[in-house]
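**Student:** sequence first, predicted coordinates after that:
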Amino acid sequence: MAHAHSTIQTTPEAISRFRELVSKFHTAMFVTRGRDVALHARPMAVAQMEEDCTLWFVTGMDTPKINELTANPETLVCLQNGNQFVTVNGRIELVNDRRKLEELWRESFRVWFNGKDDPDIVLLRLSPSAGEYWDQSGIRGLKYAF
């Protein structure tokens, strides 16, 4: 296995590439820390990514991850698409905003909810503090961080 070239960049180009990569992902592994200090990961649909790289997720209030996020809002999100990988560290905020839910709603969410008016729905806003991506689709793997 070839060694990947590693660079740390916070340039607008690196952030733009990060946004471009994340926009290709539809599902992420969402990692939280439980009260027992163990890490818990579960797949979650990425509902939206904003221009500033804020990520939005839709979940139910009555889930173990809500208890974990209430105790410790620091989160890691991991995404993979072929030879491209992204991780995002950040802080989660629980958001009850029906207008935002209307914007984010997809009919595929009906698998978990009784429609967008389900009172159990809560939005998760991940404000990123750091991100890394690895693009190994070329001859040499590249790693970037911001």
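**Tutor:** Received the coordinates, thanks. Numbers count the residues shown, from 1 in each chain.

**Student:** chain center to the longest strand along the chain, what's the gap?
**Tutor:** In the chain, assigned by DSSP state E, the strand with the most residues is strand 121-135. With C-alpha atoms, centre = their mean, to the nearest Å as the basis, strand 121-135 stands 4 Å off its chain's centre.

**Student:** could you list the low-pLDDT ranges of the chain?
**Tutor:** Within the chain, the stretches with pLDDT under 70 are 1-10, 137-146.

**Student:** can you do 80?
**Tutor:** Residues of the chain meeting the criterion pLDDT under 80: 1-15, 17-18, 21, 35-36, 135-146.

**Student:** Gln48: neighbour count?
**Tutor:** By other C-beta atoms under 10 Å, the residues close to Gln48 number 14. Backbone N, C-alpha and C define where each C-beta goes, glycine included.

**Student:** kindly apply the preceding question to Met44 instead.
**Tutor:** By the other C-beta under 10 Å criterion, the neighbourhood of Met44 contains 17 residues.

**Student:** likewise Asp97?
**Tutor:** Other residues near Asp97 come to 12 when the count uses other C-beta under 10 Å.

**Student:** can you pull the contacts of it?
**Tutor:** Listed by C-beta atoms under 8 Å, 6 or more residues apart in numbering, the contact set of Asp97 reads Leu123.

**Student:** could you measure from it over to Arg125?
**Tutor:** Counting by C-beta to C-beta, to the nearest Å, the separation of Asp97 from Arg125 is 9 Å.

**Student:** could you check how far the longest helix seen in the chain is from the centre of its chain?
**Tutor:** Across the chain, the longest stretch assigned as helix under DSSP state H is helix 12-22. Taking C-alpha atoms, centre = their mean, the mean C-alpha location of helix 12-22 is offset from the chain mean by 14 Å.
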